[in-house]
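mind folding the following:
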Amino acid sequence: MYGNESFGRRLRLGSLHRRGGSGLLLVPLDHAVGSGPLRPAGDLDALIARLAENGADGVVLHKGAVRRVRPARFRDLSLTVQLNASTAMAADPDAKYPVATVEEALRLGAHAVSVHVNMASRTEAAQIAHLARVAEDCDRWSVPLLAMMYVRGPAVRDSRSADLVAHAVAVAAEMGADLVKTALPENPEATARLLTAAGVPVLAAGGVPEPGPEAVLGRMSAAMRAGAAGVAVGRLVFTAVDPAAVVRRLSAVVHDRTPVAVG
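Prediction:
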């Protein structure tokens, strides 16, 4: 199923699936660097405890956030450490820059690392070069690599174009990623063809929770039916009044394959 299969890498890849092999439910919680605090009145440790109790397989965090979570939480969750970032206040928010290394992630106990790449951005070259360097470090340390691939830039008209998304996924696979997170096309047939040809397991990105939760859940359900390896949904979860309830519904979609109509 996965490439780059050293024993250590296979061991860590297997540990990402905490709810069986039916699909992977990741909750990215790395948004604070880009957009500000996740939950103004919330406690990260308490939020992660609720995610673990209600069906999430793992979370994605920046290195500083990891230190605010009790280690015991990761008995039931996998930990992916995000290695690059940018802020919405930057002159070019699409420009991602390194903020951590594979070795730092390992010292924190990470099961995997992730790198965000914005294809078609002004700094695409630097971002792909960083992805390639991280892939080399992941090979050295037998660490799984999640590539978060998006098509974003001044000339992009349709960031979910099937051809553009397929190209972004191909770049991740060619650079050595074990998993890819991306915003899949709206057309289910195009999505199914893309996933079949991907060469690596692909997670459907949740994205902005608009026009509402049902629409996102419907898209995630459609992605699973089309052959996605799982979903990576953050904002829908941490902006919810009841994050635990949202995670339970996502778990049903991913682990139980409970269908949800596209909203």
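
ok, for residue 235, nearest residue in space, not its chain neighbours?
Once flanking residues are discounted, residue 235 sits nearest to residue 209: 5.4 Å by C-beta to C-beta, 6 or more residues apart in numbering. The way it works is simple: take the backbone N, C-alpha and C, and place the C-beta from them, glycine included.

and what of residue 179?
Leaving aside its chain neighbours, residue 179 sits nearest to residue 146 (4.6 Å; criterion: C-beta to C-beta, 6+ apart).

same check, this time on residue 60
Leaving aside its sequence neighbours, residue 60 sits nearest to residue 28 (C-beta to C-beta, 6+ apart; 4.1 Å).

mind listing what that neighbour touches?
Going by C-beta atoms under 8 Å, 6 or more residues apart in numbering, residue 28 touches 59-60, 82, 181, 232-234.

need the max-distance pair from these.
Greatest spatial distance among the contacts of residue 28 (C-beta to C-beta): 82 and 233, at 15.5 Å.

quick one: the strands in this protein?
Here the chain has its strands, by DSSP state E, at 24-28, 58-61, 78-82, 84-85, 97-98, 112-119, 145-151, 179-182, 202-205, 230-232.

can you put those strands in TSV and add mean pLDDT and distance to residue 137?
Shown next, in TSV, are the strands of the chain (pLDDT from 0 to 100; distance: least, C-beta to C-beta, whole Å):
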stretch	mean pLDDT	distance to residue 137
strand 24-28	98	21
strand 58-61	98	18
strand 78-82	98	12
strand 84-85	98	13
strand 97-98	98	11
strand 112-119	98	8
strand 145-151	98	9
strand 179-182	98	16
strand 202-205	98	21
strand 230-232	98	22
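
can you count the residues close to the closest residue to residue 220 other than its chain neighbours?
By the measure of C-beta to C-beta, 6+ apart, the closest residue to residue 220 outside its immediate chain neighbours is residue 231, 4.7 Å from it. Here the number of neighbours of residue 231 (other C-beta atoms under 10 Å) works out to 27.
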